[in-house]
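Chemist: here you go, sequence then predicted model.
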Protein chains: 2
Amino acid sequence: MTQQRTRQQYDEIAHYLRTAIREGYFQPGDELPSEAELTRKFTSSRGPVRQAMSTLRTEGLISSGRGRRTVVLDNVPTQSFDDIISFSQWCHNADIVPGQRTQWVTRRPAEKSLAASLRIPDGDPVVSVFRLRLMDDVPTMVERLNYPLEFGRHVLAFDTDSGSIYQELIDQGVDISRTSRTIDAIGANEDDATLLEVPVGTPLLRVRRRAFTGAGALIESSDDRYLPWKASFTMNSTRGNPSSMALTSTNLGDI
Amino acid sequence: MTQQRTRQQYDEIAHYLRTAIREGYFQPGDELPSEAELTRKFTSSRGPVRQAMSTLRTEGLISSGRGRRTVVLDNVPTQSFDDIISFSQWCHNADIVPGQRTQWVTRRPAEKSLAASLRIPDGDPVVSVFRLRLMDDVPTMVERLNYPLEFGRHVLAFDTDSGSIYQELIDQGVDISRTSRTIDAIGANEDDATLLEVPVGTPLLRVRRRAFTGAGALIESSDDRYLPWKASFTMNSTRGNPSSMALTSTNLGDI
DNA sequence: GATGAACACATGTATGTACAAGTTTGGCGA
DNA sequence: TCGCCAAACTTGTACATACATGTGTTCATC
């Protein structure tokens, strides 16, 4: 999936360390080999070694500091960009069989709020998808997806019961390079309640997502609602590293 | 707050770019100066420039690639580690007056599940705090904090109605270096409902947090519940960058 | 005017060096 | 034995250089 050409040195080092940590060769609290040792081990220079360390640090796997040896922190969960963006991909990684029951797929003119959210003129055509997603055949999440026609046409031509829309877009050459998520909580409405088989008002974990191309064009604006006892988000922050996460006060109806 | 000694070059460059973007000098879609230009502008070398770019990239502010000029993405919100960990700090940044009404502070032996969550033996003393937090005098969040005695003793000696416990721990020399958060949704129980002045069962955004020292010792295990129309989380992920965030299936009662 | 090759320029990766600024270690002296 | 200091080692920061690899432009050619 989304293959890379020849693996870079720093990528190789990072992969080695990540694997060694995940498989318990380095336990939480253990010291990692020093940069000098890794340099020798991989017949490399300090640059790639430090680059690998840097990625592990922002993943929250290790902690380092001047004079101190680098130590392994908790065996924290982390996922790649592809895992994060795709429900199907995430299920596969967790050894869960993903499923979907498409409720409807439409092409229609965008009403005002949706147009604003997609940053297109009022009335421009959008493609919308409404699906129930399942984990091992158990209802877990309701998914509302909206695409500008430019990208939505790929969705219209796709059997939305057959798998990952995300993967289909990638295969069609759409360059998904960044996503922004807003997470909050909301009570199940009637549609949600029926599909998820819970009472109206049941607290759901809502994830509103917007996906962008590298050039900044908006690909998707979506609203996913999870049963909180089936899925949750975990994130790590480390002092000194940028967080890419923000607590925001919700005053304006953004997204 | 938590001052730095002399600002490093890469930090200066990052700060300049961040400010210029936030203040609109570089608009979303604009190209940033090339690395060569920045090198000249700051009389520096490529290393620090690239280091600054790297932090902005993981913050989701910019996007770059081989051959392409670096472009500004959305004007995305990001916050530092200190902002993320402290409700008071976050409010200050958003020009909101933070408040708190302490319900109780106790020292007691940990019952089984709490002891496990704090990774201490059953019955070891813990310090617990239960507070209502306010934004501009409006109830916004209920906060349940638990500390092993080693760190909790600082909390016992602190007036929890006077401000930020986090800041107090820092001032007492506690090295808070990493936090792990799990986010989901939960209905308000009777305590939550009374304090937040909403009906029982109202969907709340729950953030369970654990804080660690650089050496890996557990400082705090907490449970914050936000009114979702007052606060939410935002996060950005970029292809190729590690995410430090994970969607997790909630089977075992972790945290 | 359309096509394509050559070129300049952008960022990505890698190496080597030097020094700064912490932590740990070990030995020396009281 | 205890305490202190210097040396060794660790990671952080910075600079100079080289080449890889992709993008965009220019310009000669068809």
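Modeler: The structure has been received and is ready for your questions.
Chemist: neighbours around A:H154, how many?
Modeler: If you count neighbours by other CB atoms under 10 Å in any protein chain shown, A:H154 ends up with 17. From N, CA and C alone the C-beta is placed, and that goes for glycine too.
Chemist: name the element it belongs to?
Modeler: In this assignment (DSSP states H and E), A:H154 forms part of helix A:149-156.
Chemist: show me what that helix is in contact with.
Modeler: A:105, A:107, A:124-127, A:129, A:145, A:147, A:165, A:168-169, A:172, A:174, A:219-220 (CB atoms under 8 Å, 6 or more residues apart in numbering or on different chains).
Chemist: which pLDDT value goes with the residue in the stretch 51-200 of chain A that DNA strand C sits nearest to?
Modeler: As assessed by CB to the nearest atom of the strand, DNA strand C sits closest to A:G67 within the stretch 51-200 of chain A, at 2.6 Å. pLDDT recorded at A:G67 is 91.
Chemist: can you pull the phi/psi pair for it?
Modeler: phi 80, psi -30 (degrees, to the nearest 10).
Chemist: tell me the contacts of the residue in the stretch 151-255 of chain A positioned nearest to DNA strand D?
Modeler: Nearest to DNA strand D, among the residues of the stretch 151-255 of chain A, is A:G240, at 7.9 Å (CB to the nearest atom of the strand). By CB under 8 Å, 6+ apart, the contact set of A:G240 is B:F81.
Chemist: circling back to that earlier point, pull the most distant pair out of the contacts of helix A:149-156.
Modeler: A:D124 and A:E168 (22.0 Å; CB to CB).
Chemist: looking at the two, which is more packed in?
Modeler: Higher neighbour count among A:D124 and A:E168: A:E168, with 17 against 14, using other CB under 10 Å.
Chemist: SS state for that one?
Modeler: helix (DSSP: H, G, I helix; E, B strand; the rest coil).
Chemist: quick one on the thing from earlier: distance of the residue of the stretch 51-200 of chain A closest to DNA strand C from A:S34?
Modeler: 12 Å (CB to CB, to the nearest Å).
Chemist: try A:D124
Modeler: Counting by CB to CB, the gap from A:D124 to A:S34 is 57 Å.
Chemist: try A:T70
Modeler: Counting by CB to CB - A:T70 and A:S34 are separated by 8 Å.
Chemist: try A:K41
Modeler: In this view, A:K41 and A:S34 are 10 Å apart by CB to CB.
Chemist: okay, the residue at minimal distance from the centre of chain A: pLDDT?
Modeler: In chain A, the residue lying closest to the centroid (CA atoms, centre = their mean) is A:I84, at 1.9 Å. If you check A:I84, the pLDDT there is 75.
Chemist: where does A:D74 sit, in terms of helix or strand?
Modeler: Using DSSP H and E, no helix or strand contains A:D74.
Chemist: give me the number of residues near it?
Modeler: Counted with other CB under 10 Å, A:D74 comes out at 16.
Chemist: okay, it: pLDDT?
Modeler: Taking A:D74 on its own, its pLDDT is 74.
Chemist: list the contacts for the closest residue in space to it that isn't next to it in sequence?
Modeler: Of all residues not flanking A:D74 in the chain, A:P28 sits nearest, at 5.4 Å (CB to CB, 6 or more residues apart in numbering or on different chains). Shown in contact with A:P28 (CB under 8 Å, 6+ apart): A:V72, A:L73, A:D74, A:N75, B:G216.
Chemist: ditto for A:L114
Modeler: A:V126, A:N146, A:S221.
Chemist: could you dump those to a markdown table with neighbour count, distance to DNA strand D and pLDDT?
Modeler: Converted to a markdown table, those look like this (neighbours: other CB atoms under 10 Å in any protein chain shown; distance: CB to the nearest atom of the strand, whole Å; pLDDT from 0 to 100):
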| residue | neighbour count | distance to DNA strand D | pLDDT |
| --- | --- | --- | --- |
| A:V126 | 23 | 27 | 92 |
| A:N146 | 23 | 28 | 94 |
| A:S221 | 22 | 26 | 92 |
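Chemist: and which of those residues is nearest A:S180?
Modeler: Using CB to CB, the contacts of A:L114 come closest to A:S180 at A:S221, 10.0 Å.
Chemist: for that closest one, give me its contacts.
Modeler: A:S221 sits in contact with A:L114, A:S117, A:L118, A:N146, A:R208, A:R209, A:R210, A:I255, where contact means CB under 8 Å, 6+ apart.
Chemist: state the distance from the second one to A:E111.
Modeler: A:S117 sits at a distance of 10 Å from A:E111 (criterion: CB to CB).
Chemist: which of the two has more residues huddled nearby?
Modeler: A:S117 (20 against 11).
Chemist: nearest residue to that one other than its sequence neighbours?
Modeler: Counting by CB to CB, 6+ apart, the residue nearest A:S117 is A:S221, at 4.7 Å.
Chemist: which strand or helix spans the one you found?
Modeler: strand A:218-226.
Chemist: thinking again about what came up before, neighbour count: A:T70 and A:S34, which is higher?
Modeler: A:T70 (19 against 12).
Chemist: list the contacts for that one?
Modeler: A:E31, A:L32, A:S34, A:M53, A:I62, A:S63, A:S64.
Chemist: wait, what's in contact with the residue of the stretch 151-255 of chain A found nearest DNA strand C?
Modeler: Nearest residue of the stretch 151-255 of chain A to DNA strand C, counting by CB to the nearest atom of the strand: A:G214, 10.8 Å away. For A:G214, the contact set (CB under 8 Å, 6+ apart) comprises A:D175, A:S177, A:R178, B:S63, B:G65, B:R68.
Chemist: near DNA strand D too, which of the residues you listed?
Modeler: B:G65, B:R68 (CB under 7 Å from any atom of the strand).
Chemist: filter the contacts of A:G214 to the buried ones?
Modeler: In those, burial by neighbour count holds for A:S177, A:R178, B:S63, counting by 16 or more other CB atoms under 10 Å in any protein chain shown.
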